[in-house]
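Asker: Next input, structure requested:
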Amino acid sequence: MNKELIYQYFSDDDFLRISSKIKELEKTTSGEICVSIKEKKSFWKKNKSLRSLAEAEFIRLGIKKTKEHTGVLVFILLKERQFYVLADSGINEKAPEKTWDAIKEEMQGFFQKGEFCKGVVHGLDHIGKILSEHFPIRPDDVNELSNKVVFN
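Answerer: From the prediction side, this is the model:
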């Protein structure tokens, strides 16, 4: 992975800020939030859609295996300047697809201004509100997935 490309968009402090935001939000919900950043599409996957790449990452990270299917992935492809917000079936039963489109549009506004960390954190705030509204934290809740930003 070309770390130079990543650091054109994010700093180490940004990654810490994003991870801390995920940890903070997950204190209010039984849902799980993941952020995955990929440098570019691999040669073997260059003809795959952004959604299918996000779905593959969703499975690879184990988000699909969460107990109540309440995981959300923010998947970012840096070189292609694309990103996707993908929610699991448990969430989509309660929040319509247009919910994620609205979050993506707001994030895009920050990205267009070069405010990548602010865009991700803003999107995470909205995702967290939706999750805590529909899937509030329970006393027996367990953090099923890492809160760290994933690079691959």
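Asker: so where is this structure shaky, pLDDT-wise?
Answerer: 1-2 (pLDDT under 70).
Asker: which stretches of it form helices?
Answerer: Using DSSP state H, the helices of the chain run over residues 3-9, 12-25, 50-60, 89-92, 97-112, 116-134.
Asker: Most tightly packed of the ones you listed?
Answerer: helix 116-134 (a mean of 19; mean count of other C-beta atoms under 10 Å). (Each C-beta comes from the backbone N, C-alpha and C, glycine too.)
Asker: what's in contact with that helix?
Answerer: Helix 116-134 has contacts (C-beta atoms under 8 Å, 6 or more residues apart in numbering) with 9-11, 14, 17-18, 21-22, 24-26, 28-31, 33, 35, 70, 72, 74, 76, 85, 91, 94-95, 99, 102-104, 106-111.
Asker: got the angle for it vs helix 97-112?
Answerer: Orientation of helix 116-134 against helix 97-112 (axes from the mean of the first three to the mean of the last three C-alpha atoms, to 10 degrees) gives an angle of 160 degrees.
Asker: do you know how far the closest residue to residue 99 other than its chain neighbours is from residue 70?
Answerer: Leaving aside its sequence neighbours, residue 99 sits nearest to residue 130 (C-beta to C-beta, 6 or more residues apart in numbering; 6.5 Å). According to C-beta to C-beta, to the nearest Å, residue 130 stands 10 Å off from residue 70.
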